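Trainee: the following block contains a protein sequence and its predicted model.
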There are 2 protein chains.
Amino acid sequence: MPVNLTAPAPGALLPIEGLRLGIAQAGVKKPNRDDLLLMALDDGARVAGVFTQNRFCAAPVTVARAHLAGGHPIRALVVNTGNANAGTGEAGLAAARATCADVAALLGCEPYQVLPFSTGVIMEMLPVERIRAGLPACVAGLANDRWLGAANAIMTTDLVPKGLSKQIILAGATVTVTGIAKGSGMIHPNMATMLGFLATDARVSQDLLERMLRHAVKLSFNRVTVDGDTSTNDACVMIATGRADMPEITELGGHEYIALQSAITEVAIALAQSIVRDGEGATKFITIRVCGGKSADEVSRVAYAIAHSPLVKTAFFASDPNLGRILAAIGYAGVPELEVDKIRVYLGDVLVAQHGGRAPSYREEDGQRIMREEEVTVRVELERGTHSTTVWTCDFSYDYVKINAEYRT
Amino acid sequence: MPVNLTAPAPGALLPIEGLRLGIAQAGVKKPNRDDLLLMALDDGARVAGVFTQNRFCAAPVTVARAHLAGGHPIRALVVNTGNANAGTGEAGLAAARATCADVAALLGCEPYQVLPFSTGVIMEMLPVERIRAGLPACVAGLANDRWLGAANAIMTTDLVPKGLSKQIILAGATVTVTGIAKGSGMIHPNMATMLGFLATDARVSQDLLERMLRHAVKLSFNRVTVDGDTSTNDACVMIATGRADMPEITELGGHEYIALQSAITEVAIALAQSIVRDGEGATKFITIRVCGGKSADEVSRVAYAIAHSPLVKTAFFASDPNLGRILAAIGYAGVPELEVDKIRVYLGDVLVAQHGGRAPSYREEDGQRIMREEEVTVRVELERGTHSTTVWTCDFSYDYVKINAEYRT
């Protein structure tokens, strides 16, 4: 069961002027489920994207990167679930391009103005014909109020659709940011998440839009992990339709810039956290905060060593304050010259370890009380510098094994 | 159930002249089980050791390192299970030293001639009194034919005692190498294993003994992983009693040197593999071989990315040839400029992936046939250099979660 996460209420995901969504049941892998999403952008929209750093990146990632790099206005995004079109070689690239051509023919634009996205099983051929057959229904149903349906259509092993809207006032105009995302396994994004789509009607220059996306992703999707596996298909896209009644944001660091950046980052963090809350088999939402490091690299190493340790994650699943496993993970994180005597570890607000051992004030029942909560914060004070980071993860349960042992059946 | 691993037959673990073993039930954590081992060395024995690289190393590791570094002849090793004496700060160091003093008083040597080892739960105080009370029974029972009992006494979550003997002829004399080890979670040794004790009656100089141990560990205990967690207590010790009727080995690379090194390495590899075969919840023994790399670092990264991926490990548990997960792990291993088009991946002898995708000759039923075996080899050809490595691991099952969720109960 997802940890403190419910589907967005109907109407909670606000339309973005200049962006319409269409959904279909293309039967990519299984029948009778929404598995195809088309996002059509009106003229004038700007698009930024970040993609997986996995060297075995999927065909649609390669094609979407190339189309974005072309610099032509993007007019559509097409997303299928059920098949990742990854590890499919040249034929996979041809399949991704064919889907772009199909979309372009229906919308009256060029194939290079379409960005393709796929998620699902790896190393199987994309059924291009089924997607082609499903596209007319997407086009026929295009509307700007279908965000919840879209969040639903991009799910794979997700249990709950993920989305959020936020409104701010920019230069007197009401501006909306709406985002959707999907998880929920093979989650250890590196410069992107599984799939995240953010949109705003704000007017913002292309270079600042790209900058805002990179910043938001760094603080959100790049801070979560379910299982430490970086996907072949991660992508996060930010669309600005420019339909809001406001002057274009062109000043880095100005008031409007900061307000919009904050709203985008807030939506991105909530979406990233929702991926963890709905992580495969998750029963707990865990925040790992590491402070006092000498460098960004070392606080990140310590945080991910804890977040990736199967022993720590199974202890959280069991609500067992097995502090030794956390200390062990800190110890093998590979931080040079780490002085363990200086380190303090907190579970929630309880000091549990200091001077290389158990804190004298620590009582097992205090640890147990915190571990029984559905949301737990681990805080590590390294006391050797000023860098800090926060990473979000979930626990490791029987259901994680079950979901991933049975994924292809 | 351990994968193709049974306990050594009675009598299969051969005595080493000059080394006696005593066992007791000290009740460190639970009553009525052998949990204390004393190894007494006759005068003239030489000892080498390698220890965990975890910065949060346990108190006995710190003490054993210091005693070895002192250069005095080592006369005894004392090993307890049930408590790791790790994350216990200054009090833990005092406890480890007190145990050495207790052993020294009983055997008539100095405390700095005793090496302490502990394994078990982390961050709880070592019950020194119980160990002290158990030691006289160890001393009373000292004998050189108790290796199987010793292998049994050092087990924690191990299901099967692990040990092996090998005999070779060196300069006309029969020389024996006997080793025992224990696993079986928090296994991703770095310069050592959980606990491994190797002994020989060969005569070999101190520096060559240390060199032989380092070499053997590099090819054995440092090549296995169960869960990617490097323990706080890893230690591997090599004892040479020097009782064999042969001239001392002092020539690096000579015939006797190579013969003894080979025997030691062979025993170490078998013990390391037995730890994986008895890995927590293991149902499969997996060999990952990566060839054709530009550096030792990059073949190791690729091998461990595959070996540590929870998605790959659950697929093995399910006997599902989910090749995409293997490709994804190769892709995120962090190898710079990796050209995925050149990579070939084999399951057993079956070519499954090439040119960035599925091999045209690959049939799912061939993959399934291999995945159903209890022992599976994954071979990755990077085709960009001459470095290669082999890593051994096991799959990830419900039982891994169960064992580690319930470990402290």
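Mentor: Yep, that arrived.
Trainee: next one, pLDDT for the one residue in the stretch 51-200 of chain A that gets nearest to chain B please.
Mentor: Nearest residue of the stretch 51-200 of chain A to chain B, counting by Cβ to the nearest Cβ: A:Ile122, 2.3 Å away. Where C-beta positions appear, they are placed from N, C-alpha and C, glycine not excepted. At A:Ile122, the pLDDT value in this model is 85.
Trainee: so the spatially closest residue to it that is not a sequence neighbour, which state does it fall into?
Mentor: Distance criterion Cβ to Cβ, 6 or more residues apart in numbering or on different chains; nearest residue to A:Ile122, sequence neighbours excluded, is B:Gly324 at 2.3 Å. Following DSSP: H, G, I helix; E, B strand; the rest coil, the label given to B:Gly324 is helix.
Trainee: B:Gly324 contacts A:Thr232, correct?
Mentor: Yes - the criterion here is Cβ atoms under 8 Å, and B:Gly324 meets it with A:Thr232 at 7.4 Å.
Trainee: need the overlap of contacts for the two.
Mentor: Common neighbours of B:Gly324 and A:Thr232, using Cβ atoms under 8 Å, 6 or more residues apart in numbering or on different chains, are A:Ala84, A:Ala86, A:Gly87, A:Ile122.
Trainee: and the last one, what does it touch?
Mentor: For A:Ile122, the set of contacting residues under the criterion of Cβ under 8 Å, 6+ apart consists of A:Ala58, A:Ala84, A:Ala86, A:Gly87, A:Thr232, B:Asn322, B:Leu323, B:Gly324, B:Arg325, B:Leu327, B:Ala328.
Trainee: neighbours around A:Asp341, how many?
Mentor: Counted by other Cβ atoms under 10 Å in any protein chain shown, the residues lying close to A:Asp341 total 12.
Trainee: what two of the shared contacts of B:Gly324 and A:Thr232 are the furthest from one another?
Mentor: Greatest spatial distance among these (Cβ to Cβ): A:Ala84 and A:Gly87, at 8.0 Å.
Trainee: circling back: report the buried members of the shared contacts of B:Gly324 and A:Thr232.
Mentor: Using 16 or more other Cβ atoms under 10 Å in any protein chain shown as the burial test, the shared contacts of B:Gly324 and A:Thr232 include A:Ala84, A:Ala86, A:Gly87, A:Ile122 as buried.
Trainee: overlap of the contact sets of A:Ala84 and A:Gly87?
Mentor: A:Ala58, A:Ile122, A:Thr232, B:Gly324.
Trainee: dihedrals phi and psi, the second one?
Mentor: Main-chain torsions, A:Ile122, degrees, to the nearest 10: phi -100, psi 150.
Trainee: shaky segments in the stretch 101-250 of chain A?
Mentor: A:189-193 (pLDDT under 70).
Trainee: repeat that for 50
Mentor: Filtered on pLDDT under 50, the stretch 101-250 of chain A yields the residue ranges A:192.
Trainee: tell me where it has strands.
Mentor: A:114-121, A:162-170, A:173-182, A:195-200, A:224-225, A:235-240 (DSSP state E, counting those that start in this stretch).
Trainee: about what we covered before: report the two of the contacts of A:Ile122 separated the most.
Mentor: The most distant members of these, if one measures by Cβ to Cβ, are A:Ala58 and B:Asn322, lying 15.4 Å apart.
Trainee: mind checking which of those two has more residues around it?
Mentor: A:Ala58 (34 against 23).
Trainee: excluding its backbone neighbours, what's nearest the more buried one?
Mentor: A:Ala86 (3.5 Å).
Trainee: isn't that neighbour right up against A:Thr52?
Mentor: No - if you go by Cβ under 8 Å, A:Ala86 and A:Thr52 don't touch, sitting 9.5 Å apart.
Trainee: what is in contact with the two at once?
Mentor: Shared contacts of A:Ala86 and A:Thr52, counting by Cβ under 8 Å, 6+ apart, come down to A:Ala58, A:Thr232, A:Asn233.
Trainee: report all helices and strands that the helix or strand harbouring A:Trp392 contacts.
Mentor: With elements taken from DSSP states H and E, the one containing A:Trp392 is strand A:387-394. Counting contacts by 3 or more Cβ pairs under 8 Å, 6 or more residues apart in numbering or on different chains; DSSP states H and E, strand A:387-394 is packed against strand A:224-225, helix A:255-277, strand A:285-293, helix A:296-308.
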